[in-house]
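Q: got a predicted structure plus its sequence, pasted below:
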Amino acid sequence: MKLLDIVWKEISLIKAQKIALALIFIYPFLVVGLLGSAFTGIDVSKAAQAKVGFVNNLDFNSEIINNFSQSKDLSIFEYDDVNSLRLDLANKKVIAGVVLSGASQYRQLRADFLYDNSNLLSSRFFMEIAKAVMQKMTIQLAQKQLGEVWTTITSFGTNLKSEINNVEDFKRQLASAEASLNKLDNDLKQFDFTEIESILSSQKTAVSGYNSKIDSFKQSIAKFKTSFNSARSQYNSFRSKVNEYESRLNILLAGVDSSVSSLDQVRELLLSTQQALPEGQQKQAITDSLAKLDALRAELVSEKQFLDELVILFAEIKNDQSEINRAFTDADSVFAQLDSETQNLESAVSSSNSAVNTMDSKLQVFKESIDEIKNLISEARTSKVEIESKLNASSALLSTFSTQIVEFSNIDSSVLAQPVGFYEVKLFSVDPFGILVSNALVVVLVLTCMLLTSIIVILERTENVALRLELSPTNKAMLLVGKIIGQLVIALIEAGIIFIVAFAKIPLPFPILGITNLGFGLASSVNLFELFLAVVLVSLTFICLGLIIASFAKNQSTAILTSLLLIVPMLFLSGVVLPIEFMEPYMQLISGLLPMTIANNLLIGLIIKGLSLPQLWFESALLAGYCLVILLIVFFKKEH
Amino acid sequence: MSIVSVKGVSKSYGAKKVLDNVSFNIEQGEIFGLLGSNGAGKSTVTSIILGLEKQSSGEVVLFEGKENNLKKKVSLVPQEAAFYKDFSVEMNLSFFASVCGLKHNQIKARVDFLLKWLDLTEFKDVKADFLSGGYQRLLNIAISLVHEPELIFLDEPTVGLDPKMRQMFWTKIKDLKEAGKTIIITTHYMDEAEKLCTRLALLKKGKLLAIGKPRELINKYGGIKVMIFSISGGVKEQDIQKIKSVLNQSTVLSKGDLLFIPFEQEHSLEKVLAITEWLLKKGYNISSSITKEPNLEDVFLNITGETMKQVE
């Protein structure tokens, strides 16, 4: 019974706390309702609504682009360049990004999957979905490529079979050509070239000798006859002229004697002139003239001797005229003998002619053989053209094979198995702990500032201190500012501790529970002054929320429960715990207006995204707006 | 000098009227008591005078309108502890001295004075939460006096205190009066009001029923004396009727062992003796008898129709 009484007492006490009770009953509905309405839509089928940015950096046309662009599994937005995509990704206009690059279809394409790693889960989740979609397409592509390779190989097989037939034809043609050549070879072996050559050679020699000799002989005889007759007539005219020349010679001989005596006189005269002249040019000229006169006299003397000899010769000629007449008679008998010899020669030529006829018949055989050879050559040419065309066809076919095989050799071995390589690209260079810093900061600040502020304000009120302060000469604004600054100091200390733990790395003198360093040594290029301002703004916002809760709550328990009433949904809907992107669109809108979401975005922007405070003006302005509105409400709200 | 002047003040919350045309005046150096049951309007009047609430109609003038910064001249000593329990005594005093506008160099002297005046010096470094109830009340007063106010509101200042501490409180309050401070006390201790207050105002349901010095109110509204006998077994009805007829008092009352006999003051002794003798003769066993003088309790009862205990 006692236990029952205690239990009943406890329930009664709870019942007495009307607001707390109301909140306790509201909580389950609120949390379940909020989470339910926010996240009932979480399933992969909804991923089709997920906005995924896509940049096509391929240097060639690939069907994977069309397939991906028209994918119904995702909502694809095409971008011209990676920077625009990164910007929209950072601003959460798209939830994941794909950059496809590659120079050739034979090389593995590169698919960079960009995701906003400033949150722990959501962007990566959708990135994985985008990856899965792309993987599905690449598998389809790989299957298609393998199909093409298979078709090509099958076609190789068929074509090679026809090629083997061609080679067989070729071999048959070669065998036929060989048989023809063998026959020709036999025919040629039977042909006696030596005999022909010897006959031909003797005939050639004989004919050429006979013919030329006969001709020249005939010509010689004719020429000799002509010359002989001419000589006979000339001899007759010569005889008359000899008589005439004999008389003229006697006259010439007398003239020469007279010229020699004239020359002797001129010489004597010149010799005396030479002696009379002094040494000089004239004397020399006379000396030269004397020499020429001497030469002329000697010539005249020589001519005179010649003429004397001619006188003697004329005498001898007159003596030989009878012997010449006898010689003429002998020559006529020789001419008769020459004519009979010519007839003999002509019969010899006739015999040679019969030998040439034999040679001609042999040559006929030879001609036929040559014709046969010509036919063979013609056939061989035809076969050659035929074989050439077949070889050309084979060459073309093999060239196609070669090209295709070369093309295949161009393909990366990995391409057939995996046409696209997948690479994850984090939008921000921060490790998961870095993400937690901003989240942790927001959670700590929201709890610290809201709860502490509301509790302290209620404490002052319940302990009547608030009344005392209200009655004091210090104005309300100063009291409010003092309170806010006090809370702010605490918040900054808390934030400072978090930052020290996050950013510092101080070696401990000795390990404590295996920990060797104090702090995680997180690298960040955050502007400390801007971070300080941001923390102040965030803290102020939550302090103001604490103030407004306290101004409506009557006691601490109500204040705590009311704070939690705000904190819990904010925690769930701000993206700190659960991803905003999984929520229904209207919930995302509500989430975006929550101070904790804005604070989270602000701190993530500064710490993780490396943005500056002016770039985060919208979040800053929203928080400042919240502060201002709440402060005005708190300041002008009448206390009872 | 009139420190507080309340002229025809009314206050309504919607249709409910919590103050109805209340007027009174408090002079400098007075200890003014506000008496009334819950909902009588004491807190509303106090809040309006302190400026915490605005009256619906009427006028409240403090210090004849000559003070610009009333908050420096007025102070409230709440019934409950109104300080930071986690701060030490001295820290509480210093903080509120600063908030009340004392200069840095004035604070220590003022705090030391108050610590000494209220015998809190030895507790100055003690956390306020660790003080006994009585000392917490003293600290409460000390904080309210830190800026030397001229008008001090004391809300039930001695509730829960032991007699010794009550006496001490009364002494300190009188000291303040001697120092020229004007004090307004809300209390339901009639003896406290009677002994401490120079004047009293009695409120009921927002109306000022009576105002005046305690003696004047007792004389006016306190009624007659009552003789109370404690008789084991009670008194028979015929004997009660006999007493009524002899005394010509129809209000003679018997309840249990007690017998109440009201009478005029001038005949009290004779009548007490005569009735005592007669009852003893009749064989009644009188264990005790007292004579109850009229007091503020009676005034309260007579005016409001309810006792203060009922109010509590």
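A: Looks like it arrived, so ask away.
Q: in the stretch 201-312 of chain B, what residue is nearest chain A?
A: Residue of the stretch 201-312 of chain B nearest chain A, by CB to the nearest CB: residue B:206 (18.0 Å). All C-beta atoms are positioned from the backbone trio N, CA, C, and that covers glycine.
Q: and the pLDDT at that residue?
A: Here, the pLDDT recorded for residue B:206 equals 89.
Q: can you name the residues that contact the closest residue to residue B:147 other than its chain neighbours?
A: Among residues not flanking residue B:147 along the chain, residue B:100 sits closest, at 3.6 Å (CB to CB, 6 or more residues apart in numbering or on different chains). Residues near residue B:100 by CB atoms under 8 Å, 6 or more residues apart in numbering or on different chains: A:472-474, B:72, B:146-147.
Q: if you set the cut-off to 7 Å instead, what comes out?
A: The contact partners of residue B:100, by CB atoms under 7 Å, 6 or more residues apart in numbering or on different chains, come to A:472-473, B:146-147.
Q: the stretch 1-150 of chain B: strands as residue ranges?
A: Along the stretch 1-150 of chain B, counting by DSSP state E, counting those that start in this stretch, strands occupy B:2-13, B:16-27, B:31-36, B:57-62, B:74-77.
Q: out of these, nearest to chain A?
A: Among those, strand B:74-77 sits nearest to chain A (CB to the nearest CB), with 5.6 Å.
Q: residue of chain B closest to chain A, please.
A: Using CB to the nearest CB, the single residue of chain B nearest to chain A is residue B:82, 3.3 Å away.
Q: that residue: neighbour count?
A: Residue neighbour count, defined by other CB atoms under 10 Å in any protein chain shown, stands at 25 for residue B:82.
Q: if we ignore the residues flanking it in sequence, what's nearest it?
A: Excluding the flanking residues, the one nearest residue B:82 by CB to CB, 6+ apart is residue A:464, at 3.3 Å.
Q: look up phi and psi at that neighbour.
A: The phi and psi values for residue A:464, taken as degrees, to the nearest 10, are phi 60, psi 10.
Q: that one and residue B:136, how far apart?
A: 12 Å (CB to CB, to the nearest Å).
Q: repeat that for residue A:213.
A: Residue A:213 sits 176 Å away from residue B:136, going by CB to CB.
Q: go on, residue B:63?
A: 31 Å.
Q: do a quick rundown of the helices in chain B.
A: Along chain B, the segments classed as helices by DSSP state H run B:42-50, B:89-99, B:104-117, B:133-144, B:163-178, B:190-196, B:214-221, B:237-247, B:268-281, B:296-304, B:308-311.
Q: want to try TSV for those, with mean neighbour count as columns?
A: TSV is the format used below for the helices of chain B (neighbours: other CB atoms under 10 Å in any protein chain shown):
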stretch	mean neighbour count
helix B:42-50	21
helix B:89-99	22
helix B:104-117	15
helix B:133-144	22
helix B:163-178	15
helix B:190-196	20
helix B:214-221	18
helix B:237-247	14
helix B:268-281	14
helix B:296-304	22
helix B:308-311	14
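Q: wait, residue B:290 sits on residue B:230?
A: No - Residue B:290 is not in contact with residue B:230 according to CB atoms under 7 Å; the separation is 8.4 Å.
Q: higher neighbour count, these two?
A: Higher neighbour count among residue B:290 and residue B:230: residue B:230, with 14 against 11, using other CB under 10 Å.
Q: for that one, which residues are in contact?
A: Residue B:230 neighbours (CB under 7 Å, 6+ apart): B:257-258, B:286-289.
Q: check residue A:504 too.
A: A:518-519, A:521.
Q: tally of neighbours for residue A:550?
A: Using other CB under 10 Å, residue A:550 has 26 other residues around it.
Q: which parts of the stretch 301-450 of chain A are strands?
A: Under DSSP E, counting those that start in this stretch, the stretch 301-450 of chain A gives strands at A:420-426.
Q: how about the residue in it positioned nearest to chain B, nearest residue that isn't a chain neighbour?
A: Using CB to the nearest CB, residue A:448 is the residue of the stretch 301-450 of chain A that sits closest to chain B, at 18.0 Å. Using CB to CB, 6+ apart and skipping residues adjacent in sequence, the residue nearest residue A:448 is residue A:494, 5.4 Å away.
Q: could you say which helix or strand holds that neighbour?
A: Here residue A:494 is covered by helix A:476-503, with elements defined by DSSP states H and E.
Q: ok, now residue A:296?
A: helix A:281-410.
Q: average model confidence for that helix?
A: Across helix A:281-410, pLDDT averages out at 77.
Q: which elements pack onto that helix?
A: helix A:122-190, helix A:193-276 (3 or more CB pairs under 7 Å, 6 or more residues apart in numbering or on different chains; DSSP states H and E).
Q: for these, which one sits closest to residue B:241?
A: helix A:122-190 (95.3 Å; CB to CB).
Q: and that closest one, how far from the chain's centre?
A: Distance of helix A:122-190 from the chain centroid (CA atoms, centre = their mean, to the nearest Å) equals 26 Å.
Q: and residue A:52, backbone torsions?
A: phi -120, psi 130.
Q: my guess is residue A:491 contacts residue A:446, does it?
A: No - counting by CB under 7 Å, residue A:491 does not reach residue A:446; the two are 10.1 Å apart.
Q: give the contact list for residue B:129.
A: B:85-86.
Q: quick one: it from residue B:225, how far?
A: Residue B:129 sits 48 Å away from residue B:225, going by CB to CB.
Q: do the same with residue B:84
A: For residue B:84, the distance to residue B:225 - CB to CB - is 50 Å.
Q: what about the closest residue to residue A:92 other than its chain neighbours, how many neighbours?
A: Closest residue to residue A:92 apart from its sequence neighbours, by CB to CB, 6+ apart: residue A:116 at 7.0 Å. A count of nearby residues for residue A:116, using other CB under 10 Å, gives 26.
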